[in-house]
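Chemist: Fold the following, please.
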Amino acid sequence: MEKIQGKIRQSGEAKLFFSKVCPDCSGQRLMEASRLVSVAGTSITRLTKWSLDDILTWIEKIQPNLPMESMHVVEALLHDLKTKVTRIIDVGLGYLSWGQSVTTLSGGEGQRLKLAKELYKQKSDHTLYLLDEPTRGLHSTDVNKLLLLLNRLVDAGNTVIVVEHTLEVIRASDWVIDIGPEGGEAGGQVVAEGTPEQMARTEASHTGKFLNFL
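Modeler: Modelled structure (predicted):
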């Protein structure tokens, strides 16, 4: 009975969620007017296929060489585009393409994309941020960059709670709560808590033992 119900549920979901290439734009997801626009010989359609790193390089290359008659038209747009692209690159997502669907992002990528937006909000209130393994899918060379951005949130008066296994993130934390001692049914208990230095001296903590190697 459960198998039958599962098949019925999957069949219903398949009818509700599906993808189809638009016959008007051939999957480019741009209005006709937008598809006709180009800047410095590069069409917007082509730009949506580039990585954000490549787009930033392109902007910095063409900005000094724009003709004066075009400057007043595109300068503000390029500045806005450069600002948004830089924010996303700052959280280690420069490899994403501008036209990539958000449904293709991993959980860690989605969280960092939201983080990029939050970092540049003008807020006067204090906010609690809860992140679940934001380094997931992030290259090790970009972890330190992410930590700098998280510290900016803390320095602004916010509180950041991170569920994480990456030792670099744990070591950079103000306070660590180690839940274990093992995974699954053998875990779920608070083994130890304290600063990373205190954790490293706690024999019962597996996390503390690994922190000693850093």
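Chemist: next structured bit after whichever helix in the chain runs longest?
Modeler: Looking across the chain with DSSP state H, the single longest helix is helix 68-90. Going down the chain from helix 68-90, the next helix or strand is helix 107-119, by DSSP states H and E.
Chemist: Check what contacts that next one and list those residues.
Modeler: 87-88, 90-93, 96, 102, 105, 127, 129, 131-138, 146, 149-150, 152-153 (Cβ atoms under 8 Å, 6 or more residues apart in numbering). Bear in mind the C-beta positions are built from the backbone N, C-alpha and C, glycine included.
Chemist: average pLDDT across it?
Modeler: Mean pLDDT, helix 107-119: 84.
Chemist: and the angle for it with helix 68-90?
Modeler: On the basis of axes from the mean of the first three to the mean of the last three Cα atoms, to 10 degrees, helix 107-119 is oriented at 120 degrees to helix 68-90.
Chemist: helix, strand or coil for residue 162?
Modeler: strand (DSSP: H, G, I helix; E, B strand; the rest coil).
Chemist: so what's residue 100 scoring on pLDDT?
Modeler: Residue 100 is given a pLDDT of 89.
Chemist: in the protein, which spans are strands?
Modeler: Using DSSP state E, the strands of the chain run over 38-39, 42-43, 128-132, 159-163, 176-180, 189-194.
Chemist: show me what contacts residue 191?
Modeler: By Cβ under 8 Å, 6+ apart, the neighbours of residue 191 are 178, 179, 180, 181, 202, 204, 205, 206.
Chemist: quick revisit: buried among the contacts of helix 107-119? Make that a PyMOL selection.
Modeler: Command for PyMOL that selects the buried part of those, burial taken from 16 or more other Cβ atoms under 10 Å:
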select buried, resi 87+88+90+91+92+93+96+105+129+131+133+134+135+136+138+146+149+150+153
